[in-house]
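In: Sequence first, predicted coordinates after that:
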2 protein chains.
Amino acid sequence: MGGFDVGERLKQLRLARQLSQRELAKRAGVTNSTISLIEQNSVSPSVSSLKKILDALPVSISEFFAGEELSQEQVFYRAEELTEIGDGTLSWKLVGARRPNRSMSIIHERYPPGADTGEEMLEHEGEEGGVIISGTIELTVGGEVQLLTAGDAYYFDSRLPHRFRNKSDNECVIVSANNPPSFSDGGTEQHHA
Amino acid sequence: MGGFDVGERLKQLRLARQLSQRELAKRAGVTNSTISLIEQNSVSPSVSSLKKILDALPVSISEFFAGEELSQEQVFYRAEELTEIGDGTLSWKLVGARRPNRSMSIIHERYPPGADTGEEMLEHEGEEGGVIISGTIELTVGGEVQLLTAGDAYYFDSRLPHRFRNKSDNECVIVSANNPPSFSDGGTEQHHA
DNA sequence: ATGCTATGTAAAAGATCTTCAACATAAGGA
DNA sequence: TCCTTATGTTGAAGATCTTTTACATAGCAT
């Protein structure tokens, strides 16, 4: 468990509602001991127990963990220090690749003439969008094909099969964002778009 | 556990990253059995285990429990049809502004010389990042100030007080992304950066 | 002071989760 | 074919979480 104080958070939520450990336990269908031990961080509760307890407040698990960490991470990135992922033809520069738990990937992409994410359509979790900075790119999404040029943009659910292809003679530059992030630094490279 | 399918959700996230149970387990510091049992909903993992696993994806617990759905909305946006928000000095063109429930705002921003988001620092929920396309911008985040130029980038927690300011004589162009989205079309305008 | 109730804590037993160590299957190469 | 590697699954042992049951303290009325 890194950084986030589950016990303290639960205690605050409980006290804000002016409930005793026993009262909350009763509503949640667990015992007061469970609440006590969790609040002291003597145990890491099971998701099912935590869910029962939070339901009684009521607070969603998502809310409970929202604001896990007001991360004091790197903010500014010089062009040359961006993490680059390339395979010779495509070049992707990731912003904040090392940030754990960041909510987005932001990528500065360069597609040289002929670059192509491949015939096998990409499909993955999340959403992605971007703006064409220069050049032209052929984008296929869910069967629809469009030729986008500088200033144009796109946004789609990444589970729709998609493909990027530069059929022109000039480099195409795109700034894109993905949610959730498709890449992490240091690990094995994964497929993307 | 009511309603939310922990196992299925984990499996989707894992497969979207093309990881095997063993590979994910290795990165997370748990065993493949744990992943297997969780994905089959044979157990309700402890928060500490789930956290370890999600950290390896990486996905926050909060994100994990925030739902999703597949939307088939507009995908392609011509430059001239992007929703523009301007106040005479700044110009922001939103990608997919009309999409309900989208997870990000992607914005094509133009800061003319002298443009400034204001002395009162911006602070709001979420994260934001971007890439400088041209020109230079002075960015202040959490007390730190940097002058960024073309190719540089930034990424920070939006709760840290921040400010954008073009002190140069040339226009500065940025493509940025915000999560969660800061603007919605037609609705009340919110503060941003 | 005595009795009653409410609070949070904790040891030990019971229940659940995690690991260890297999197993079964499928894909690829020699 | 046989061998090797990679995949996901599972029984039993070990580790952790939850309950049972109790304890200690504090507040309040009699």
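Out: Arrived safely. Numbering: from 1, shown residues only, chains lettered A, B, ... in the order given.

In: among the helices and strands of chain A, which has the poorest mean pLDDT?
Out: strand A:83-86 (a mean of 62; mean pLDDT, DSSP states H and E).

In: Name the nearest residue to the residue of chain A most remote from its centre, ignoring sequence neighbours.
Out: The C-alpha centroid of chain A is most remote from A:R22, which lies 37.4 Å away (CA atoms, centre = their mean). Once flanking residues are discounted, A:R22 sits nearest to A:N32: 4.4 Å by CB to CB, 6 or more residues apart in numbering or on different chains. For the C-beta atoms, the positions are set from N, CA and C on the backbone; glycine is no exception.

In: where does chain A dip in pLDDT?
Out: Scanning chain A for pLDDT under 70 picks out the ranges A:1-3, A:67-90, A:96-102, A:180-193.

In: which bits of it sit near DNA strand C?
Out: Contact residues (CB under 7 Å from any atom of the strand) of chain A with DNA strand C: A:20-23, A:32-33, A:36-37, A:39-40, A:42, A:46, A:48.

In: Let me see the residues that make contact with stretch A:168-175.
Out: Residues from elsewhere that reach stretch A:168-175 (CB atoms under 8 Å, 6 or more residues apart in numbering or on different chains): A:106-113, A:115, A:130-137, A:166, B:130-131, B:133, B:175.

In: Would you mind listing which of these are buried?
Out: A:106-111, A:115, A:130-133, A:135-137, A:166, B:130-131, B:133, B:175 (16 or more other CB atoms under 10 Å in any protein chain shown).

In: Could you point out the longest helix of chain A?
Out: Ordering each helix of chain A by length in residues (DSSP state H) puts helix A:6-16 first.

In: In that helix, which residues are buried?
Out: For helix A:6-16, the neighbour count (16+ other CB under 10 Å) marks A:V6, A:G7, A:R9, A:L10, A:K11, A:L13, A:R14 as buried.

In: Closest one to B:E120 out of those residues, please.
Out: Nearest to B:E120 out of those is A:R9 (CB to CB; 30.1 Å).

In: out of the buried ones among the contacts of stretch A:168-175, which are inside strands?
Out: Of the buried ones among the contacts of stretch A:168-175, the ones assigned to strands by DSSP state E are A:106-111, A:130-133, A:136-137, B:130-131, B:133, B:175.

In: Confirm that the residue farthest from the centre of chain A sits in a strand.
Out: No: under the criterion used here (DSSP: H, G, I helix; E, B strand; the rest coil), A:R22 is helix, not part of a strand.

In: That one and chain B, how far apart?
Out: Going from A:R22 to chain B by CB to the nearest CB, to the nearest Å gives 22 Å.

In: which residues sit against stretch A:48-62?
Out: Under the contact criterion CB under 8 Å, 6+ apart, stretch A:48-62 has outside partners A:6, A:10, A:13-14, A:17, A:24-25, A:27-30, A:34-35, A:38, A:45, A:47, A:64, B:1-2, B:44, B:47, B:61-66.

In: quick check: domain ranges of chain A?
Out: Using automatic domain parsing, the domains assigned to chain A come out as A:6-65, A:79-179.

In: Can you redo those as CSV, where the extra columns are distance to B:W92?
Out: As requested, the domains of chain A are arranged in CSV below (distance: least, CB to CB, whole Å):
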stretch, distance to B:W92
domain A:6-65, 29
domain A:79-179, 12
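
In: taking those together, which one is wrapped up most tightly?
Out: Compared across the domains of chain A, domain A:79-179 shows the largest average neighbour count, a mean of 19 (mean count of other CB atoms under 10 Å in any protein chain shown).

In: wait, what's in contact with A:V43?
Out: Counting by CB under 8 Å, 6+ apart, A:V43 touches A:L37.

In: mind checking the SS state of it?
Out: Using three-state DSSP as the criterion, the local structure at A:V43 reads coil.
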